[in-house]
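Undergrad: My questions are about this predicted structure, shown below with the sequence.
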Amino acid sequence: MPNLSPSKIVCVGRNYAAHAKELGNDVPKEPLIFLKPPSSIVRDGESIRLPTVSKQVEYEGEIGVIIGKRLFKSGVDEARGAVAGIVAANDVTARDLQKSDGQWTRAKGFDTFCALGKIGEVPADLSTLTVTSRVNGTVRQQGRASDMVFDIPAILSFISGIMTLEPGDLVLTGTPDGVGTLAPGDVVEVEIAGVSRVSNPVTSAA
Ligand code: MG
């Protein structure tokens with residue numbers, strides 16, 4: 001299994017129609033991508049810290065893809081062959097800052113805003129992957145890769161036409177509907193059934 005020290009984390013926004021709708025957005029005609037810094041990574045059991053500058057920090061449970069081979073202007077078949085691992089991911093987002101800033105670097109980039117589980121095996125059929133988010137044990141999100149607007153090979157192929165994907169890079173493939181806010185004392189969990197899970201306590205920033 002590859003390790004988890006990506007040179008970059010590339011994320012896809014609005015990749016499930018029901019989630020785009022819940023935030024009042026249209027489904028994009030091409031994958032809508034943004035970056036999170038590697039400094040935002042925390043692992044299973046570590047705290048997600050809520051920055052005081054935001055009043056609306058939300059969880060986004062996602063299917064994370066670990067790249068195993070360099071991808072540069074790759075087609076979908078080559079891209080599919082480069083998937084080396086699957087990881088449960090929480091694309092934690094300061095929703096109020098995402099709206100007020102217009103661009104998303106601050107809203108998505110705080111320390112602890114990318115929670116990652118252990119890397120799991122890649123299934124034969126990527127479309128069978130599912131993602132479930134729970135807050136304090138209550139299910140809040142349930143998504144299936146088969147419901148993605150752009151599937152995983154299409155996403156990787158698209159990104160590779162913009163920036164070379166290196167072995168170890170991480171791609172977050174978008175969140176299903178059901179996002180909601182986190183408060184100090186919560187425990188938030190993202191699970192990709194049979195593959196990977198990550199659970200994190202939520203605390204105020206020190
Ligand atoms: Mg997201």
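TA: The structure has been received and is ready for your questions.

Undergrad: what residues does this structure put near the ion?
TA: Counting by CB under 5 Å from the ion, the residues of the chain close to the ion are Glu60, Asp91, Thr175. (Glycine included, C-beta is placed from N, CA and C.)

Undergrad: quick one: least confident helix or strand in the protein?
TA: Of all the helices and strands that make up the chain, helix 17-22 has the lowest average by mean pLDDT, DSSP states H and E, namely a mean of 86.

Undergrad: what comes into contact with it?
TA: Counting contacts by CB atoms under 8 Å, 6 or more residues apart in numbering, the residues outside helix 17-22 that touch it are Arg14, Asp26, Val27, Pro28, Asp147, Val149, Gly174, Thr175, Pro176, Asp177, Gly178, Val179.

Undergrad: Which element is encountered next along the chain beyond it?
TA: Sequence-wise, the next helix or strand beyond helix 17-22 is strand 32-36, with elements assigned using DSSP states H and E.

Undergrad: which parts of that next one are buried?
TA: Of the residues in strand 32-36, those with enough neighbours to count as buried (16 or more other CB atoms under 10 Å) are Leu32, Ile33, Phe34, Lys36.

Undergrad: Identify the farthest-apart pair in the residues you listed.
TA: Using CB to CB, those reach their maximum pairwise distance at Leu32 and Lys36, which is 14.1 Å.

Undergrad: Produce a ChimeraX select command limited to the buried residues of the contacts of helix 17-22.
TA: Provided next is the ChimeraX selection string for whichever of the contacts of helix 17-22 are buried by 16+ other CB under 10 Å:
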select :14,147,149,174,175,176,177,178,179
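
Undergrad: Please dump the contacts of helix 17-22 into CSV; it should also carry distance to Thr128, secondary structure and pLDDT for every row.
TA: Supplementary listing: the contacts of helix 17-22 in CSV, determined by distance: CB to CB, whole Å; DSSP: H, G, I helix; E, B strand; the rest coil; pLDDT from 0 to 100:
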residue, distance to Thr128, secondary structure, pLDDT
Arg14, 22, coil, 92
Asp26, 28, coil, 87
Val27, 22, coil, 88
Pro28, 24, coil, 89
Asp147, 12, helix, 95
Val149, 18, coil, 96
Gly174, 17, coil, 97
Thr175, 18, coil, 96
Pro176, 15, coil, 96
Asp177, 20, coil, 94
Gly178, 20, coil, 95
Val179, 23, coil, 96
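
Undergrad: Just send the buried residues of strand 32-36 back as a markdown table, with distance to Ser199 and pLDDT too.
TA: Supplementary listing: the buried residues of strand 32-36 in a markdown table, determined by distance: CB to CB, whole Å; pLDDT from 0 to 100:
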| residue | distance to Ser199 | pLDDT |
| --- | --- | --- |
| Leu32 | 28 | 95 |
| Ile33 | 27 | 97 |
| Phe34 | 25 | 97 |
| Lys36 | 19 | 98 |
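
Undergrad: Contacts for the helix or strand containing Arg134, please.
TA: With elements delineated by DSSP H and E, Arg134 resides in strand 130-135, which encompasses its position. Contact with strand 130-135 is made by 59-63, 88, 90, 139-145, 175-176, 178, 180, 182, 186-193, as judged by CB under 8 Å, 6+ apart.
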